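Engineer: I would like the atomic coordinates for the input below:
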Amino acid sequence: MSSKSKFLVLNPSPGNLDNVLEKANLQNTRNGPFEAVLLLGDVIPANLQVPQTKLDAPAYFSKGKLDIGFAYEEDEATNLVDLDKNLTYMKRPLTIYKLATGITIAFMSAEAEKEPVSIEVKEQLQHTSPVDILITYSWPYVIAREEKLSTVGNRFVDQVTERLQPRYQFAVGNERGKFFEFKPFKWDNTDRITRFISLGQEGSGDKWFYAFGLDIKTINGDVNLGVNPFAKVVEPPKRSIETVEEPDQEVQTIKKPRIIYLVDIMLLKLL
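Structural biologist: So this is what the prediction gives:
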């Protein structure tokens, strides 16, 4: 018998959430049981109510870019809000949760991608260890830039991904999402391998679901690896200060050394 836990990841259309959850129950019967169903994007925005469908497997989600469509009693003792028996809201900007199998899941909301919330999350990251699964709204900026889709990326997500080094990372990038699977890559000085997957939204015509198995132990096997997009080479400084404008953020002043990405160096060699 396989020791892997099974997971189902969905990017539901909020207006069709009950139907999506019914499909999740069907998949749980046919291909499960799932350890967890992970919901991406804006799952229950402000103009909608909690779904009526009862889930057969535990499902988790966090806040996207829109306000949530339900109220809950604030309880500082827990980071979780149970909306139903198997439907749980991860209420903190960054919520890390360990399942019964020992697999750790981190949910980061879209509001955590910008200050001032990102400052709180950065402090939290100083006391965290790598996780098995990371859910974010935006893509890591280094991956989005490489795919010439920088508008769906966020630089703070880069920092979170580097710190948590997830074995799987899922995101949507924007309201409709986009299906994309980045080539697995390995982190320096460790055996950890990360797979990044973005999903389109249900009803968009793009792939909006993803199922996979995961063992508590890191077993890489024969994996065809790509270049780690986070790998950097430090170039000696040419000027003392460089001004860099980050998307959706104020212009920041950054001291040298200047950062050159390996992907950029490889492209220059091809020219």
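Engineer: pull the longest helix from this protein.
Structural biologist: Criterion DSSP state H: the longest helix present in the chain is helix 17-31.
Engineer: Now residue 155: phi and psi?
Structural biologist: phi -70, psi -30 (degrees, to the nearest 10).
Engineer: Please name the nearest non-neighbouring residue to it.
Structural biologist: Distances taken as Cβ to Cβ, 6 or more residues apart in numbering place residue 141 nearest to residue 155, at 4.6 Å, with adjacent residues excluded. Quick note: C-beta positions are derived from backbone N, CA and C, even for glycine.
Engineer: number of nearby residues for that neighbour?
Structural biologist: Using other Cβ atoms under 10 Å, residue 141 has 21 neighbouring residues.
Engineer: Look up the pLDDT of residue 190 for me, please.
Structural biologist: pLDDT, residue 190: 89.
Engineer: Then residue 63?
Structural biologist: 94.
Engineer: again, but for residue 79
Structural biologist: Reported pLDDT for residue 79: 86.
Engineer: picking up where we left off before, could you export the longest helix of the chain as CSV, CA atoms only?
Structural biologist: C-alpha atoms of helix 17-31 as CSV (Å, rounded to 0.1, in the frame of the first residue of the first chain):
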residue,chain,number,x,y,z
LEU,A,17,-18.6,26.9,-5.7
ASP,A,18,-21.3,24.4,-4.7
ASN,A,19,-20.9,22.7,-8.0
VAL,A,20,-17.2,22.6,-7.7
LEU,A,21,-17.4,21.1,-4.2
GLU,A,22,-19.7,18.4,-5.5
LYS,A,23,-17.1,17.5,-8.1
ALA,A,24,-14.5,17.4,-5.3
ASN,A,25,-16.7,14.8,-3.5
LEU,A,26,-16.9,12.8,-6.6
GLN,A,27,-13.2,12.8,-7.1
ASN,A,28,-12.7,11.9,-3.5
THR,A,29,-14.9,8.8,-4.0
ARG,A,30,-13.2,7.8,-7.3
ASN,A,31,-9.5,8.7,-6.7
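Engineer: Toward the C-terminus, what is the element adjacent to that helix?
Structural biologist: Later in the chain than helix 17-31, the nearest helix or strand by DSSP states H and E is strand 36-39.
Engineer: Output the contacting helices and strands for that following strand.
Structural biologist: If you count contacts as 3 or more Cβ pairs under 8 Å, 6 or more residues apart in numbering; DSSP states H and E, strand 36-39 packs onto strand 5-10, strand 59-62.
Engineer: Please work out which of these is packed deepest.
Structural biologist: Among the helices and strands packed on strand 36-39, strand 59-62 has the highest mean neighbour count (mean count of other Cβ atoms under 10 Å), at a mean of 24.
Engineer: in its sheet, what does that one sit against?
Structural biologist: Here the strand partners of strand 59-62, with direction, are listed using DSSP bridges: strand 36-39 (parallel), strand 87-90 (parallel).
Engineer: Return the distance of the last one from the chain's centre.
Structural biologist: By that I understand strand 87-90. Averaging C-alpha positions (Cα atoms, centre = their mean, to the nearest Å) puts strand 87-90 16 Å from its chain's average.
Engineer: Thanks a lot, see you next time.
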